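*Asks:* how would this look folded up:
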Amino acid sequence: MKTMIKIREVSCKIALSKSLLPGLDYSLNPYYGCQHGCVYCYAPNVLKIEREKWGKFVNIRRNMPKVLSKELRKKEKGVVGISTVTDPYQPLEKKFKLTRYCLQELLKYDFPICVQTKSDLVLRDVDLISKFSHAEVGVTVATLNDNERALLEPNSSSIQKRLLALKKLKEEDIKTFVFFGPIYPTIELKDISKIVEVFADCNVDYVMVDKFNLKKGVWESIKNALSSEYKMMNIFYERFFIDREYYSKIFSAVKEECTKNNIGFEEAF
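*Replies:* Presented below is the predicted three-dimensional model:
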């Protein structure tokens, strides 16, 4: 059963926020809240939102393109991260097109952009993204097991659609990367070679890895989502709290396989 989501149209005063993330000068978040409702998302902690409410509301910042247009006339050029605490291509974007309208404004001043999403809807805007002098698109793929994906990222695009999006973006000569994270603990060392081969087949420029960051309430949300998946939950528990070397081994294996496949490698944040 799908979660009922409360949708509100609101106004914003600021479009570009100063970013503290490496490589990004500004953050642009056309939506407050996210339909994807990923149970491990760090955004509720950053925004100080009750975790139980995450994925159940979205505020649509309808005037953001207009506000952005005014800011771009005065702002020093810098890399704009789209988005950092919401998905710019969540399902509502298909109707409201806020991300697209913001891209149109950014293109007028040719600000460098870095888009990150879990949705193949990004393909709709290839016509704009391909015109930027400096643009890259990252697609999050935390597991190749779509059944597991559906448990923790319930309203996001399937893994197959995401991989196809990466291929099509690269066909348009757009710089791409896989945000391989947070890597699901169900992934074994022996799986890494095959996983990186899949990424290489998408012709990505680099792979960025990240682990689960267990901020307040995250483990509880994961346990709730996996309540009927005892084996999976036990694996998560063991590799979160007992096998402290798990992620360092996985990261090393990914780096090694990326080198073999001539793909760049980075660790997140």
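*Asks:* I'd like to know how many residues surround residue 244.
*Replies:* 9 (other C-beta atoms under 10 Å). Quick note: C-beta positions are derived from backbone N, CA and C, even for glycine.
*Asks:* should've said residue 223
*Replies:* 13.
*Asks:* got it, and the one 4 residues further on?
*Replies:* Burial of residue 227 is recorded as 9 neighbouring residues (other C-beta under 10 Å).
*Asks:* how about residue 137?
*Replies:* 25.
*Asks:* what does the pLDDT read for residue 224?
*Replies:* If you check residue 224, the pLDDT there is 95.
*Asks:* what does residue 17 give?
*Replies:* Looking at residue 17, its pLDDT is 96.
*Asks:* hmm, residue 32 and it touching each other?
*Replies:* No - using C-beta atoms under 8 Å, residue 17 is not in contact with residue 32; the gap is 12.0 Å.
*Asks:* who's more crowded, the two?
*Replies:* For residue 17 versus residue 32, the count of surrounding residues by other C-beta under 10 Å is larger for residue 32: 18 against 13.
*Asks:* on the three-state scheme, the closest residue to the more buried one other than its chain neighbours is what?
*Replies:* In space, and not counting its chain neighbours, residue 32 is closest to residue 59: 4.0 Å by C-beta to C-beta, 6 or more residues apart in numbering. Assigned with DSSP: H, G, I helix; E, B strand; the rest coil, residue 59 falls in the strand class.
*Asks:* bridge partners for residue 59, pull those for me.
*Replies:* Note on residue 59: beta-bridge partners residue 8, residue 32, judged by DSSP bridges.
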